[in-house]
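Q: need a 3D model of the sequence below.
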Amino acid sequence: MKSTGTAKAPVSGVPLSTTTLAELEWQVQQLQVAIARRAFELFQAREGEHGHDWEDWFRAESELLKPVSIAISESKTRISIRANVLGFEARELRVSIAPDRVIIVGAKHPADWDRPVGAAFGPGQLFRTIELPLEVQPDSAQVRFEDGVLRIELPKAIKAETQVGPRLL
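A: Numbers count the residues shown, from 1 in each chain. All right, here's what the predicted structure looks like:
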């Protein structure tokens, strides 16, 4: 007996809800302040020697943030992103999706979301902004977490086609 239905691949992993950029703003600001403070400490350790500001900033980032490697693929209808967030759990991650970018923020301890500016950050934080090659539909995105990998499926935005040809006046 033949089946008349179509088979769908099983969806695995833990679904994550997305958050708005405004909701992530506090965490992003805290991370930037912590990086700036550490970069300034490095500047002071060199007795105020100028000319190494980018070096100090990148070193501070590497000391405070875990790296996030990503892979992006594209089909006719969607963009797929795989982000390696090994060491984090679903409850420790926040994802914001805009038409032109994806932002991933992570805190090893969820209480870190509300830390004051003066609190020390450590390598248990992550922050990654991914600029997208074209616009997507954020409201239709699917975000799943499984085995240290964040899987984000983004449907491409449908652009209205303009008619070319004679117009009736």
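Q: quick one, longest helix in the protein?
A: helix 21-45 (DSSP state H).
Q: what about the next helix-or-strand element following that one, average pLDDT?
A: Sequence-wise, the next helix or strand downstream of helix 21-45 (DSSP states H and E) is helix 53-64. Mean pLDDT, helix 53-64: 88.
Q: repeat that for stretch 139-149.
A: 92.
Q: list the buried residues of it.
A: Using 16 or more other C-beta atoms under 10 Å as the burial criterion, the residues of stretch 139-149 that qualify are 141-145. Every C-beta, even on glycine, is put in place using the N, C-alpha and C of the backbone.
Q: just the strands in this protein please.
A: Under the criterion DSSP state E, the chain carries strands at the ranges 14-15, 70-74, 78-84, 93-98, 101-107, 125-131, 142-146, 149-155.
Q: these: which one's closest to residue 63?
A: strand 125-131 (10.5 Å; C-beta to C-beta).
Q: show me what that closest one is packed against.
A: Helices and strands touching strand 125-131, by 3 or more C-beta pairs under 8 Å, 6 or more residues apart in numbering; DSSP states H and E, are helix 21-45, strand 70-74, strand 78-84, strand 101-107.
Q: just how off-centre is that strand within its chain?
A: Here strand 125-131 is found 4 Å from its chain centre; the criterion is C-alpha atoms, centre = their mean, to the nearest Å.
Q: what residues does that strand touch?
A: Outside strand 125-131, the residues that touch it by C-beta atoms under 8 Å, 6 or more residues apart in numbering are 28, 31, 34, 64-68, 70, 72, 81, 83, 85, 88, 100-108, 112.
Q: which among the residues you listed count as buried?
A: So, by 16+ other C-beta under 10 Å, the buried ones in the contacts of strand 125-131 are 31, 34, 64-66, 68, 81, 83, 85, 88, 102-108, 112.
Q: by mean pLDDT, which helix or strand of the chain comes out lowest?
A: Using mean pLDDT, DSSP states H and E, the weakest-scoring helix or strand in the chain turns out to be strand 14-15, at a mean of 76.
Q: quick one: strands adjacent to that one?
A: Using DSSP bridges, the strands paired with strand 14-15 are strand 142-146 (antiparallel).
Q: send me the strand it pairs with as CSV with only the CA atoms.
A: Extracted in CSV, the C-alpha atoms of strand 142-146 (Å, rounded to 0.1, in the frame of the first residue of the first chain):
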residue,chain,number,x,y,z
GLN,A,142,13.1,29.2,13.6
VAL,A,143,15.7,29.0,16.3
ARG,A,144,16.8,25.7,17.8
PHE,A,145,19.5,24.6,20.2
GLU,A,146,21.1,21.2,20.2
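Q: about what we covered before: buried ones in the longest helix of the chain?
A: Here helix 21-45 shows 24, 27, 30-31, 34-35, 37-39, 42-43 as buried, counting by 16+ other C-beta under 10 Å.
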